[in-house]
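Colleague: here is my input; please provide its structure:
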Amino acid sequence: MLSLSKANPSEAPVRPLQMVQSDHGVLDVVLVDEVTGKPVGRPNLSVMICVATRMVVAWEVSLASPNEQTVLALLRQAMTGASDTRSGAGGSGVDPGHLSIDTPRRLAHGQIEMVLFDRAKEFDSAAVQAACTELDIVTMFCPAYRPDNKGHIERFIGTVNRSFISSLPGTTYGSPKERRGYDAEGNATLTISALREILGRWIDTVYALAPHHGLGGATPERVWRQCAPGRQLDSLHSDEAVARACRPWARRHVGKSGIKLFGNQRYASAELEGLRLRYGRHCEVTVRFDPMDLGHIWITHPDTRFELLVPNVDPGYAYGLTLREHDLLRKHQRAKNFNETERVRLAASRTALRREIEAAQADGTIRRRKAAAIAKDAGKRARVRQPQEAAPPHADNSQTLGVFRMRPRKALPGFALGRMSRLGVPPVESSEADGADHES
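Modeller: Numbers count the residues shown, from 1 in each chain. So this is what the prediction gives:
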């Protein structure tokens with residue numbers, strides 16, 4: 001039985017990485033553009049924290065809204081101990097798929113046993129759940145509108161804003177009452193890269209070494225170092241396997257020109273053409289990609305399950321290009337090709353069409369009212385973002401723990417889940433576990 005609140009402190013997590021909580025939060029500071037120096041808004045902080053030691057195992061700051069790629073980057077950072085600054089996280093700036101023995105790693109990292117999410121769509125996405133299953137991580141989901149069930153991560157985000165962000169130029173102080181007329185945008189001077197650098201130093205040298213009330217006055221780093229010896233904290237998977245599991249994926253058909261991704265990018269190779277000739281026009285494969293480098297993708301062979309590296313047909317453009325940069329370039333190109341005359345004509349056409357629809361709605365005939373309703377519904381549906389590619393069919397092995405929904409990690413050959421050296425307690429029979437009373 002695992003307690004997630006202060007009601008039963010004797011049943012709280014006691015091992016490093018036994019329970020990890022993850023969430024996002026908006027930082028109370030206005031940043032400026034690195035080129036123009038103009039305000040660009042408030043950044044988002046995504047973080048994972050170890051409940052037993054309160055150590056931060058992964059974090060990322062970005063001006064973009066968090067998505068499943070953000071969560072996958074946090075998982076990769078927490079499992080390997082090395083983060084990638086290209087994805088917006090602080091750390092060593094090394095690709096976790098190409099780590100060496102000499103690569104500097106964060107102190108708090110290793111095999112996560114269980115991770116607690118809320119019900120945001122980026123946490124419950126098919127890619128994140130598949131990565132957790134492949135990495136032998138049990139996923140749990142809090143009940144809706146119950147932030148107290150993950151109070152450790154909520155408290156940490158509040159601590160960051162109150163103890164650190166509130167002292168920076170351009171802070172918004174969290175509320176107009178606290179701001180008291182302070183011009184946050186006028187005093188903003190920090191860029192996103194500068195914030196990442198100083199926030200990383202604050203987490204490693206201030207927060208980790210400060211006495212924590214929840215730890216009885218001990219520091220998070222001291223508790224981690226006391227609990228870590230004698231425990232198997234290293235990841236059960238290699239760095240390459242972790243990097244592979246944490247790559248976003250999609251299902252695509254192989255055409256004569258290869259595979260098309262990201263709107264206008266094509267990937268082709270002799271091996272890919274061989275797959276198309278063998279399986280025909282209905283050949284559908286799983287594609288994994290690195291959002292920080294669109295120069296190549298990985299294709300999973302339908303039979304052997306081996307991965308094939310497929311390059312971009314335009315390496316001069318795509319090599320080293322991030323997905324975010326590609327989207328901005330496409331948006332800029334569309335705006336450049338869409339001249340002002342066409343813009344005025346389109347606005348006039350939309351206005352005329354809207355007036356016609358309103359007139360039809362007021363018309364007494366049901367046929368015109370129906371046509372107007374269909375037109376308005378089509379316009380509303382066109383503004384809705386298209387859903388992501390459907391995940392490969394797989395059995396949902398979700399279980400419940402009180403009011404929580406959880407998904408167990410798979411059994412790994414040669415590794416008994418619940419053995420003494422890993423979890424510290426003998427394995428529990430399924431019949432007893434099913435009949436146990438759990439507390440939310």
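
Colleague: Arg54 touches Gly214, doesn't it?
Modeller: Yes: in this structure, Arg54 is within contact of Gly214 by Cβ atoms under 8 Å, at 6.3 Å. Every residue, glycine included, has its C-beta placed from N, CA and C.

Colleague: shared neighbours of these two, which are they?
Modeller: Counting by Cβ atoms under 8 Å, 6 or more residues apart in numbering, the contacts common to Arg54 and Gly214 are His152.

Colleague: out of these two, which sits in the busier spot?
Modeller: Taking neighbours as other Cβ atoms under 10 Å, Arg54 and Gly214 compare with Arg54 leading, 23 against 16.

Colleague: how is this protein divided into domains?
Modeller: The record's domain parsing of the chain by automatic domain parsing lists 9-243+394-435, 248-321, 326-382.

Colleague: show me the contacts for the closest residue to Leu321 other than its chain neighbours.
Modeller: Excluding the flanking residues, the one nearest Leu321 by Cβ to Cβ, 6 or more residues apart in numbering is Leu294, at 5.0 Å. Going by Cβ under 8 Å, 6+ apart, Leu294 touches 262, 265, 312, 318, 321-323, 326.

Colleague: now those residues as a markdown table including pLDDT and neighbour count?
Modeller: A markdown table is the format used below for those (pLDDT from 0 to 100; neighbours: other Cβ atoms under 10 Å):
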| residue | pLDDT | neighbour count |
| --- | --- | --- |
| Phe262 | 89 | 18 |
| Gln265 | 90 | 22 |
| Asn312 | 91 | 22 |
| Ala318 | 85 | 20 |
| Leu321 | 82 | 20 |
| Thr322 | 83 | 16 |
| Leu323 | 85 | 18 |
| His326 | 85 | 19 |
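
Colleague: re earlier: which one of the domains of the chain has the lowest average pLDDT?
Modeller: When the domains of the chain are ranked by mean pLDDT, domain 326-382 comes last with a mean of 66.

Colleague: on that earlier part again, next helix or strand past whatever helix or strand the residue nearest to Leu321 lives in?
Modeller: Assessed by DSSP states H and E, Leu294 sits inside strand 293-300. Going down the chain from strand 293-300, the next helix or strand is strand 307-311, by DSSP H and E.

Colleague: what about Cys246, neighbour count?
Modeller: Neighbours around Cys246, by other Cβ under 10 Å: 29.

Colleague: all helices for the stretch 251-400 of the chain, in order.
Modeller: Along the stretch 251-400 of the chain, counting by DSSP state H, counting those that start in this stretch, helices occupy 270-279, 315-318, 323-337, 340-362, 366-382.

Colleague: could you look up the SS state of Tyr145?
Modeller: Here Tyr145 is coil, with the state taken from DSSP: H, G, I helix; E, B strand; the rest coil.

Colleague: and for it, the neighbour number?
Modeller: 8.

Colleague: contacts only, for it.
Modeller: Tyr145 touches nothing, counting by Cβ under 8 Å, 6+ apart.

Colleague: ok, it to Ser175 distance?
Modeller: Distance, Tyr145 to Ser175, using Cβ to Cβ, to the nearest Å: 22 Å.

Colleague: same thing with Pro248?
Modeller: Noted for Pro248: a distance of 36 Å to Ser175, by Cβ to Cβ.

Colleague: looking at those two, which is more packed in?
Modeller: Pro248 (19 against 9).

Colleague: contacting residues for the more buried one?
Modeller: Residues in contact with Pro248 (Cβ under 8 Å, 6+ apart) are 68-69, 72, 127, 288-289, 291.

Colleague: neighbour-wise, which of the residues you listed leads?
Modeller: Neighbour max across the contacts of Pro248 (other Cβ under 10 Å) = Leu72, 25 neighbours.

Colleague: just confirm it is within a strand.
Modeller: No: going by three-state DSSP, the assignment for Leu72 is helix, not a strand.

Colleague: does it touch Val128 like I think?
Modeller: Yes: Leu72 is in contact with Val128 according to Cβ under 8 Å; the separation is 6.4 Å.

Colleague: Ile257: how many residues sit nearby?
Modeller: One correction, residue 257 is Ser, not Ile. With other Cβ under 10 Å as criterion, Ser257 counts 11.

Colleague: now Pro43
Modeller: Pro43 - counted by other Cβ under 10 Å - has 22 other residues nearby.

Colleague: show the backbone phi and psi for it.
Modeller: Pro43 adopts backbone torsions of phi -90, psi 170, taken as degrees, to the nearest 10.

Colleague: repeat for the one 3 residues further on
Modeller: Backbone torsions for Ser46, taken as degrees, to the nearest 10, come to phi -110, psi 130.
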